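Participant: next come a sequence and a model predicted from it.
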Amino acid sequence: EDKVVQSPLSLVVHEGDTVTLNCSYEVTNFRSLLWYKQEKKAPTFLFMLTSSGIEKKSGRLSSILDKKELFSILNITATQTGDSAVYLCAVVPSGGTSYGKLTFGQGTILTVHP
Amino acid sequence: SAVISQKPSRDICQRGTSLTIQCQVDSQVTMMFWYRQQPGQSLTLIATANQGSEATYESGFVIDKFPISRPNLTFSTLTVSNMSPEDSSIYLCSVGTGSNQPQHFGDGTRLSIL
């Protein structure tokens, strides 16, 4: 059974801090890893990672995948109160009957204080 | 990415009743999924909505409780039947256009059962 573990489960920081969120996974046939931000109900897509060692960046957010060690990190620099949310990591298996199905981690609750 | 409309946005229902949630996409998509997020928990896949055929349910979810329809490539419904307080959750539809593209989520339906 595919498994995704995120750490820490919650994190409280002040504006301007840099945070690193972790995601480790076990999946039978790995295709990709996704990061989402969930503020109210709908998760919004952040990054899709398929190759090791290639950093993806979007503004103050960046992410990288290590397929040998089976983990990914999401970095947020110069945090703002608007970054407060639940950050979800999910893995996508390749092919077969699991095609397209996402397995999610528990999420990391990030709270950024002014 | 596709625009996904989900409704209702929220509802409060009496136990024993049923509610149908709709998911409409503004373009044809290959994959449509339904997820449940119980309070304080991460997302769990309920089923894959298959166009023109019966949905594929995950372990722990059955058609009698969560009947799903997908009459075409842009629309799906999830019914939560004979509701009990344990069904109080956020229900989310997601869509995918291919294995190399991320899934995107609808706005979600927050369901409370009294």
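Facilitator: Great, that's in hand. All of these numbers come straight from a predicted model, not from anything done at the bench.

Participant: contacts and neighbour counts: CA atoms only from here.
Facilitator: Will do.

Participant: neighbours around residue 18, how many?
Facilitator: Assuming you mean chain A. A:Thr18 has 15 neighbouring residues, counting by other C-alpha atoms under 10 Å in any protein chain shown.

Participant: wait, I meant chain B there
Facilitator: Other residues near B:Ser18 come to 15 when the count uses other C-alpha under 10 Å.

Participant: now stretch A:86-95: average pLDDT?
Facilitator: Averaging pLDDT along stretch A:86-95 yields 90.

Participant: just the strands in chain B please.
Facilitator: B:4-7, B:10-13, B:19-25, B:31-37, B:43-49, B:56-57, B:68-72, B:75-80, B:89-96, B:104-105, B:109-113 (DSSP state E).

Participant: hey, which of the ones you listed is tucked in deepest?
Facilitator: Highest mean neighbour count of the strands of chain B: strand B:89-96, a mean of 25 (counted as mean count of other C-alpha atoms under 10 Å in any protein chain shown).

Participant: for A:Leu9, see how far away the residue nearest the centre of chain B is.
Facilitator: Central residue of chain B (C-alpha atoms, centre = their mean): B:Trp34, 3.4 Å from the mean position. B:Trp34 sits 25 Å away from A:Leu9 when distances are taken as C-alpha to C-alpha, to the nearest Å.

Participant: my guess is B:Thr77 contacts B:Leu19, does it?
Facilitator: No - counting by C-alpha atoms under 8 Å, B:Thr77 sits too far from B:Leu19 to count as a contact (10.1 Å).

Participant: low-confidence regions, the chain specifically.
Facilitator: Defaulting to chain A. A:95-99 (pLDDT under 70).

Participant: my bad, chain B
Facilitator: When residues are selected by pLDDT under 70, those of chain B lie in B:99.

Participant: which residues of it lie near chain A?
Facilitator: Taking C-alpha under 8 Å from any C-alpha of the partner chain as the measure of proximity, chain B contacts chain A at B:31, B:41-45, B:90, B:92, B:96, B:98-99, B:102-110.

Participant: neighbours around residue 107, how many?
Facilitator: In the absence of a named chain, this looks at chain A. A:Gly107 is flanked by 30 other residues according to other C-alpha under 10 Å.

Participant: try again with chain B
Facilitator: The number of residues packed around B:Asp107, counting by other C-alpha under 10 Å, is 23.

Participant: now it: phi and psi?
Facilitator: B:Asp107 adopts backbone torsions of phi -70, psi -10, taken as degrees, to the nearest 10.

Participant: I'd guessed it sits against A:Gln38; true?
Facilitator: No - at 10.4 Å, B:Asp107 and A:Gln38 do not qualify as touching, with contact defined as C-alpha under 8 Å.

Participant: quickly check: stretch A:37-56 near chain B or not.
Facilitator: Yes - interface with chain B: stretch A:37-56 contributes A:41-45, A:48 (C-alpha under 8 Å from any C-alpha).
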